[in-house]
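1. build me a structure from this.
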Amino acid sequence: MGRQRHATISPLDEVDPSEDRRFVTALARGLTLLRCFTPSDRWLAHQELARRTGLPQATVSRLTYTLTSLGYLRHRASTGEYALSPAVLSLGFSVLSNFQVGRIARPFMEALAEHTQAAISLGVRHDTSVVYVAHCRSTARLILGLDVGTRLPFAETAMGRAIWCAATPGMQDLMARRLRAQDASLWPEREAGLRRAEAECARRGYAVSESEWESEIAAIGVGIDLGDGREPLALTVGGPASRLQGTLLHEDFGPALVRTGREIVAAIQAAAWED
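-> Numbering: from 1, shown residues only. Predicted structure coming up:
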């Protein structure tokens with residue numbers, strides 16, 4: 001058995017990096033522009049990119065020119081629209097191929113999917129969103145059509161709320177500032193939802209989202225804290241709100257989710273000892 005490796009906790013995890021002199025604003029804006037494209041988007045107009053990023057149109061023009069020149073965007077001159085190019089995939093392939101957490105978690109997720117006949121997802125936080133890094137579907141006919149790479153709002157989803165509940169106070173403070181800066185008018189409602197999630201996690205061990213980010217969809221989520229300094233992940237069970245409710249949810253699916261989360265943490269920690 002090999003010696004366990006210890007990760008270093010970076011102080012940047014709990015401060016706003018944009019306040020650091022090493023922070024490159026132009027790079028951050030370019031990545032923000034790339035993130036504007038959702039799985040349902042093909043081509044986006046210049047004006048729409050400006051609207052989604054909140055950046056001046058002149059800044060968007062410089063960014064799109066640079067990203068097109070580097071091969072990360074395609075430009076359709078006839079309409080002035082932009083699309084992601086296949087080169088963007090190269091940015092994520094190395095991460096996905098080395099993302100051992102998803103590989104180790106998959107058997108546990110598959111078993112939970114068959115037990116609940118629901119969609120099981122593993123996700124991480126990315127700025128004010130959460131992103132699926134692993135996803136399993138059961139054989140049930142009525143199931144969520146989401147997949148790896150899907151991006152969802154942080155504060156309104158069980159996945160985001162579960163991450164919030166497992167996060168350190170410093171990370172919660174950072175997330176609160178970012179969510180408030182994103183839309184100050186929505187922050188009171190979002191904060192209330194996150195505080196409710198804290199109470200739910202303390203009482204039941206998992207957070208709940210009922211038709212809040214998409215109508216007729218409900219989910220429960222549990223934080224996955226690997227105990228090595230990394231920001232927590234979240235494991236969720238999702239499906240039709242008409243099914244994920246009452247006794248079935250809170251006396252069967254919920255306990256099964258919490259148990260599976262613990263099994264995944266134990267398996268990942270055991271793998272770390274063996275490396």
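2. from residue 174, how far off is residue 181?
-> 11 Å (C-beta to C-beta, to the nearest Å). For glycine as for every other residue, the C-beta is placed from the backbone atoms N, C-alpha and C.
3. more neighbours, the two?
-> Taking other C-beta atoms under 10 Å, residue 181 and residue 174 do not tie; residue 174 has more neighbours (18 against 11).
4. now name the helix or strand holding that one.
-> helix 169-182 (DSSP states H and E).
5. buried sites along that helix?
-> Neighbour-count burial for helix 169-182 flags 171, 172, 174, 175, 176, 179, 182 (criterion: 16 or more other C-beta atoms under 10 Å).
6. please, where are all the strands along this structure?
-> Ranges of strands within the chain are 44-45, 73-76, 81-84, 119-126, 129-136, 151-153, 207-210, 217-224, 233-240, based on DSSP state E.
7. any chance of those strands in CSV, plus mean pLDDT and distance to residue 187?
-> Below are those laid out as CSV (pLDDT from 0 to 100; distance: least, C-beta to C-beta, whole Å):
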stretch, mean pLDDT, distance to residue 187
strand 44-45, 94, 27
strand 73-76, 90, 32
strand 81-84, 92, 31
strand 119-126, 90, 17
strand 129-136, 87, 16
strand 151-153, 88, 13
strand 207-210, 92, 18
strand 217-224, 92, 21
strand 233-240, 92, 21
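8. quick one: the helices in the stretch 51-200 of the chain?
-> Assigned by DSSP state H, counting those that start in this stretch, the stretch 51-200 of the chain shows helices spanning 57-69, 89-97, 100-116, 158-166, 169-182, 187-204.
9. can you redo those helices as CSV with mean pLDDT and distance to residue 152?
-> Shown next, in CSV, are the helices of the stretch 51-200 of the chain (pLDDT from 0 to 100; distance: least, C-beta to C-beta, whole Å):
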stretch, mean pLDDT, distance to residue 152
helix 57-69, 94, 25
helix 89-97, 55, 17
helix 100-116, 90, 17
helix 158-166, 96, 7
helix 169-182, 91, 14
helix 187-204, 96, 14
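10. reformat the strands of the chain as CSV; add mean neighbour count.
-> Converted to CSV, these look like this (neighbours: other C-beta atoms under 10 Å):
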stretch, mean neighbour count
strand 44-45, 16
strand 73-76, 17
strand 81-84, 18
strand 119-126, 23
strand 129-136, 20
strand 151-153, 19
strand 207-210, 24
strand 217-224, 26
strand 233-240, 26
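11. tell me which of these lies nearest to residue 34.
-> Counting by C-beta to C-beta, residue 34 lies closest to strand 81-84 out of those; the figure is 7.1 Å.
12. list the neighbouring strands of the closest one plus their orientation.
-> strand 44-45 (antiparallel), strand 73-76 (antiparallel) (DSSP bridges).
13. and of the ones you listed, who's closest to residue 202?
-> That would be strand 44-45 among the strands paired with strand 81-84, by C-beta to C-beta, at 42.2 Å.
14. ok now that closest one, how far from the chain's centre?
-> For strand 44-45, the separation from the chain centroid amounts to 24 Å (computed by C-alpha atoms, centre = their mean, to the nearest Å).
15. and if you look at stretch 105-124?
-> Put simply, stretch 105-124 sits 16 Å off its chain's centre (C-alpha atoms, centre = their mean).
16. and for stretch 242-260?
-> 22 Å.
17. first to last residue in it, what's the distance?
-> Using C-alpha to C-alpha, to the nearest Å, the end-to-end distance of stretch 242-260 comes to 23 Å.
18. got the domain ranges for the protein?
-> The chain breaks down into these domains under automatic domain parsing: 11-89, 99-274.
19. and those, which is most packed in?
-> With neighbours taken as mean count of other C-beta atoms under 10 Å, those reach their highest mean count in domain 99-274, at a mean of 18.
20. tell me how far it is from the chain's mean position?
-> In terms of C-alpha atoms, centre = their mean, the centre of domain 99-274 is set 9 Å apart from its chain centre.
21. what residue of the protein is the furthest out?
-> residue 78 (35.3 Å; C-alpha atoms, centre = their mean).
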